[in-house]
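J.: What follows is a predicted structure for the sequence shown.
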Amino acid sequence: MPNLLSSLRTFFRRVLGLPMTHNDLRTLLDVKDGSEDFWFDHFEGAFITLCKNSYEPGSSLPPVSNFCISEIALKKKKTGSQHEFVHALIRESDQPDAPIVAVLKCERCVSDDVGPFTHARAMSSNTSVSSTPSSQSLRTSIVAHDKVVVLPLSKWSEPSLSNGAIYKCKFTANPPSLTQLAVAVYAIHQSSHLYTLHEKQCYWFAATLFRILLGHPFDSLGDGQAVRDMIPGGRVRAGTFWRFIRVVDDDKVEKLYPAVDAEYRNRLALREQELQDARGMHRALAEARAREEEAKVREEEAKAREEQARAEAEEAKAQVAAMKKMMEQMSAATSAGSHTA
């Protein structure tokens, strides 16, 4: 029955065009409907912990540290504030035909209770040159809500994930890992955790994340293949508000990039060292357990040989006793015959 159910699931996934995988990241992270939003640090911590747990001897977890980004897209909503974000398609390994294990949405938002007045006060605070105690007390800061949304795998085939991309990149060789994405989101927030409407908003966050994962400046993509038509009657660029106001451009991303890149590289080196240490520790533990098992086997074999030797000794002793008794009987018979004669 389990094999039949598995076959049916496989059949329906193939018919519906769903990814053929048993390593859904939502399942591995125990994501429930309505709780798929992870704050920047929670996602990084949860995924790194998952990686470490997968190294444990006898773990049933897949090698999640091998999960790689197959495709990324920087997207803009057509309505409202034209919010920008990054979609990422995650595969089980660096092979282009590996099963899909996750569809992620990475974005910078603000709390729902932040309105235009709060944004205005924050902008005034950031541009003010006054440093008097009274002005400091009136300053307003907006903490950015940087997060990773772990979407259902079925989302990967929806038009919303393939259409409307301003920038799009499909990695055919040496794709960045999911570890790099998790660390990149963390590093961007740590580099600048405040939301500023004129400089470090969703436009900047999405462009910077895309820039980190891309590994080189945007201009190397070429406008011809990078820019898409999204709004009827005109072209739209990343970092623009309703096509007319350019809030963030490539130059601004590159100007602020070194600080983010330094934070990213330091954090990535730290996390990769943690994973390397975890792999080494669990490998050493596995080897120690293997040696312990080998020692037990050798001990059991030695005990078996000892038991066999003891049994052989007892058998030899019994044979000697039997032969001795036989000889005594023969001697007694011979003596009795001689007395009769």
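T.: Yes, it's here.
J.: and K303, how many residues sit next to it?
T.: K303 has 10 neighbours, counted by other C-beta atoms under 10 Å. The way it works is simple: take the backbone N, C-alpha and C, and place the C-beta from them, glycine included.
J.: again with A333
T.: If you count neighbours by other C-beta under 10 Å, A333 ends up with 10.
J.: can you list the weak-confidence ranges in the protein?
T.: The model of the chain has pLDDT under 70 over residues 1-22, 114-140, 157-164, 218-248, 286, 337-341.
J.: For it, which segments count as strands?
T.: Under the criterion DSSP state E, the chain contains strands at 37-39, 68-76, 84-91, 100-109, 145-151, 165-170, 240-241, 245-246.
J.: Name the strands paired with the longest one and say parallel or antiparallel.
T.: Spelled out, that is strand 100-109. The strands beside strand 100-109 in its sheet (DSSP bridges) come out as strand 84-91 (antiparallel), strand 145-151 (antiparallel).
J.: and those, which is most packed in?
T.: Mean neighbours per residue, mean count of other C-beta atoms under 10 Å, is largest over these for strand 84-91, with a mean of 24.
J.: quick one: it to strand 165-170, angle?
T.: Strand 84-91 and strand 165-170 are oriented at 20 degrees to each other (axes from the mean of the first three to the mean of the last three C-alpha atoms, to 10 degrees).
J.: Give me the contact list for strand 84-91.
T.: 25, 67-77, 98-107, 156, 161, 165-166, 175, 178, 181, 202-203, 205-207, 209-210, 213, 238-239 (C-beta atoms under 8 Å, 6 or more residues apart in numbering).
J.: All the helices of the chain, in order from the start?
T.: Assigned by DSSP state H, the chain shows helices spanning 2-16, 25-28, 40-54, 116-127, 133-138, 159-162, 178-191, 202-214, 223-226, 250-340.
J.: ok, A295 to R289 distance?
T.: For A295, the distance to R289 equals 11 Å [C-beta to C-beta, to the nearest Å].
J.: Ignore what I typed, I meant D33.
T.: According to C-beta to C-beta, D33 and R289 sit 39 Å apart.
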